[in-house]
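Trainee: Got a sequence here, can you model it:
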Amino acid sequence: MSAEYRQKTLSQIPGLMKLKVSEYIYVAIAAALMSAAIGVCIDVPSSARFVYNTDRILYYVGFLGLTVVAGSFLVRPRIRLGAIDASVAAITVLTLVSASVNGGIAANYSLFEALPYLLIYVICRSFFSSTHKRGEIAAETILFLFTVFEAFTGLRQIYGFAPSNHGLFSVTGTFFNPGPYAGFLAMGMTAAFGFVLRYGRSAVSTVSARRYTAGTVIFRLVPFASACVALLLSVIVLPATESRAAWLAAIAGAAVALVSVPRCRKVLRRVRLFSWKSLAVAAVAVTALWGAYLMKERSANGRLLIWKIEARAMAGHPLLGVGPGNFAGAFGREQARYLSSGNASDGERSVAGSPEYGFNEYLRIGTETGVAGLIAAVVLVLLTVRALFLQKKPSSCAVAALAVFAFFSYPLYFAPVKIILAMFVASAASGGCRHKGSGRAGFAISAASVIVATAAVPLSLPLSEKRAEAYGRWGKVSMWSNAERYDYIAEEGERLYDDMRHNYRFLFSYGYALFKRQDYATSYRVLEEGSSISCDPMFRIIMGRNCELSGDAVKAERLYTEACDMVPGRLYPRSLLMRLYHATGRTEEAREAAKRLLATETSVMTPAMTEMRKEAEEFLRSGDLRQDKAIK
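Mentor: Below is the predicted model:
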């Protein structure tokens, strides 16, 4: 090496050091903004009906976009579009087309609520293409830290130091149900496991040799320590959730982590498919799955029915689906058709309910966007897991766990999960994108996409802030329902109607308040809108009451019958049918309705249901119903 070359190299070191420090600061700021976007929605119970976080998420997405735009002049990103980008674009286009064709009162709201996560994908696409491994490790560390927070919250709930967010379950974390909570823990736990396997040896050697540089501490030791803590706490808390779907997800994610280890791959290559060891493992797996089914048999049968109804709804609208935001309404109509067709078994009728969620994200997406949307979603998941695995990123374990969990639950209804998924999909699409020939064109694509995404934030904020204000006002006025001051609710509901008509809970409360005020025509119209985006039979029940009290007995009978068909285990619509038949002089039909009410099996028995059964028995004995006991 010549003295001139050595001198030139040494003269470049200060510039390189300055660039590295600047990149560290850039990654730290971006990671802090990503964490803030997750933080504004992770510490709020997801069952909070009057909390709207999209406006606050958009704030941090906007700041993240500005950071990435500024960082682009420091570390020039180069994007080369690939199959993952095509899959994201396909899902976006199919959703937009389905919304425009099918319409619906919740379509625009659903599209708007998906916007922040699409912006996160676009912005993080540029961020990861410029920061590579450091950006990916920062994203994984974010997941580890929030997993530690959630697991610690679960531990406090287990030992009674903190209340859960559900009266029937002791462990929910900051979620409202142990199922989604367990799915989040499974994501963090498997990613932590993969990280420990991937970087554990180098982290231990760094500590042993005491090579404590800024880079090794920030991007190796801190993530490794957080991964270890997340793994330990998750292993302790996850069994307490009793979520079978999360256990399967954890197994899938751990399997991806083990397969990424060369020694494990060598062992797997030696295993024969039909050897006694393979058969023994298969027997244990089948036994475990059967035990998981028997553990909550009724719940499992309910999931199977939900999947069947979703598949039937998708088959009825195979091209473009029913439209985003219209899933629950389409589900309720299809379930009523199936259960009243005579093809349903008694077991299916007994477990039928009115689920708010689809308990299978793939089938829900297929129901809303058609078969093409389902295929695009599956392809995106497979491409993401494959890309992350080939890039040797531990986040592949988290996405694999989420992919399995999404088959049994509804994780994409939760903002923290969607933000983390958007980050990892962007990381998968950006891996190894610095190639020859992707210079100026790649930088132009990156800069243009980030600028457009960042500019979309201030354009979206006014509507988001308006909705946040509406949710806050509705949360305050809804408290009057406990005092039965329905006049207050009806007055405020009229003012908030345009901003809240996408929310089926608002439509029911507002429609019911109008019913109590005897404004039957307006109440029917509001509840009819709600029934298009909800599968709750109570919409049809109160619509039927509106018709009955308005003198339209024929329409009331049809609505009560539809409510009975939607959820055969409900006694309330059968009791109303019995009373309607009796009031209109159809005694024999009233007696048949009373017999069907008494023959209906219910999983629980409340005082109101006991009263309905007593009234039916009294009617069959005496042939009369006392009007003072009529259910209002």
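
Trainee: now stretch 396-409: mean pLDDT?
Mentor: Taken as a whole, stretch 396-409 has a mean pLDDT of 94.

Trainee: and Tyr457, what helix or strand is that in?
Mentor: Just so we're on the same page, residue 457 is Val rather than Tyr. Taking DSSP states H and E as the criterion, Val457 maps to helix 440-477.

Trainee: In that helix, which residues are buried?
Mentor: Judged by neighbour count using 16 or more other Cβ atoms under 10 Å, the buried positions of helix 440-477 are 442-443, 445-447, 449-451, 453-454, 456-457, 460-461, 463-465, 467-468, 470-471, 473-474, 477. Every residue, glycine included, has its C-beta placed from N, CA and C.

Trainee: One more: stretch 145-154?
Mentor: Going by neighbour count (16+ other Cβ under 10 Å), the buried part of stretch 145-154 is Leu145, Phe146, Thr147, Val148, Phe149, Glu150, Ala151, Phe152, Thr153, Gly154.

Trainee: next SSE after the helix holding Val457?
Mentor: Using DSSP H and E, the helix or strand that directly follows helix 440-477 along the chain is helix 486-500.

Trainee: Might you calculate how far that following helix sits from the centre of the chain?
Mentor: Distance, stretch centre to chain centre, for helix 486-500: 28 Å (Cα atoms, centre = their mean, to the nearest Å).

Trainee: Next, the angle from that helix to helix 440-477.
Mentor: For helix 486-500 against helix 440-477, the angle by axes from the mean of the first three to the mean of the last three Cα atoms, to 10 degrees is 170 degrees.

Trainee: Excluding its own residues, what touches helix 486-500? List them.
Mentor: 466-467, 470-471, 473-474, 477-478, 480-481, 506-507, 509-510, 512-514, 516-517, 519, 526 (Cβ atoms under 8 Å, 6 or more residues apart in numbering).

Trainee: same thing but at 7 Å, please
Mentor: Helix 486-500 is contacted from outside by 466-467, 470, 473-474, 477-478, 480-481, 506, 509-510, 513-514, 516-517, using Cβ atoms under 7 Å, 6 or more residues apart in numbering.

Trainee: pLDDT on it, on average?
Mentor: Mean predicted confidence for helix 486-500 is 88.

Trainee: Show me what counts as buried in it.
Mentor: Under the neighbour-count criterion of 16+ other Cβ under 10 Å, helix 486-500 has Tyr486, Ile489, Ala490, Glu492, Gly493, Leu496, Asp499, Met500 buried.

Trainee: Pass me the low-pLDDT residue ranges in the stretch 501-632 of the chain, would you?
Mentor: Under the criterion pLDDT under 70, the flagged ranges of the stretch 501-632 of the chain are 626-632.

Trainee: Tell me how far Ala483 lies from Gly472.
Mentor: Ala483 sits 20 Å away from Gly472, going by Cβ to Cβ, to the nearest Å.

Trainee: do Gly179 as well
Mentor: Taking Cβ to Cβ as the measure, Gly179 falls 28 Å from Gly472.

Trainee: just Glu492 next, same as before
Mentor: To Gly472, Glu492 is 12 Å away according to Cβ to Cβ.

Trainee: Span of stretch 329-348 from start to end?
Mentor: 19 Å (Cα to Cα, to the nearest Å).

Trainee: Ramachandran coordinates for Val378?
Mentor: Dihedral angles of Val378 (phi, psi; degrees, to the nearest 10) stand at phi -60, psi -40.

Trainee: now do Lys393
Mentor: Backbone dihedrals for Lys393, given as degrees, to the nearest 10, come out at phi -100, psi 130.

Trainee: May I have the residues that are in contact with it?
Mentor: Taking Cβ under 7 Å, 6+ apart as the contact definition, Lys393 lies against Glu136, Ser427.

Trainee: May I have stretch 162-172 exported as CSV, CA atoms only?
Mentor: Output in CSV follows, covering the C-alpha atoms of stretch 162-172 (Å, rounded to 0.1, in the frame of the first residue of the first chain):
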residue,chain,number,x,y,z
ALA,A,162,-53.8,-4.3,37.6
PRO,A,163,-57.4,-4.8,36.3
SER,A,164,-58.0,-6.5,33.0
ASN,A,165,-60.2,-4.9,30.3
HIS,A,166,-62.7,-7.8,30.2
GLY,A,167,-64.8,-9.0,33.0
LEU,A,168,-64.6,-12.6,32.0
PHE,A,169,-60.8,-12.8,31.6
SER,A,170,-58.0,-12.0,34.0
VAL,A,171,-55.3,-11.3,31.4
THR,A,172,-55.9,-9.0,28.5
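
Trainee: Which residues belonging to stretch 343-359 are considered buried?
Mentor: Applying a neighbour-count criterion of 16+ other Cβ under 10 Å, one finds 344, 348-359 buried in stretch 343-359.

Trainee: Below-threshold pLDDT in the stretch 251-400 of the chain: ranges please.
Mentor: Applying pLDDT under 70 to the stretch 251-400 of the chain flags the ranges 265, 267-278, 281-282, 285, 288-290, 292-295.

Trainee: Tell me which stretches of it form helices.
Mentor: Taking DSSP state H, counting those that start in this stretch to define them, one finds helices in the stretch 251-400 of the chain at 262-270, 276-295, 297-316, 327-339, 346-351, 361-369, 371-390, 395-405.

Trainee: and this structure, what are its domains?
Mentor: Domain segmentation of the chain under automatic domain parsing yields 3-260+296-463, 467-629.

Trainee: No more questions from me, cheers.
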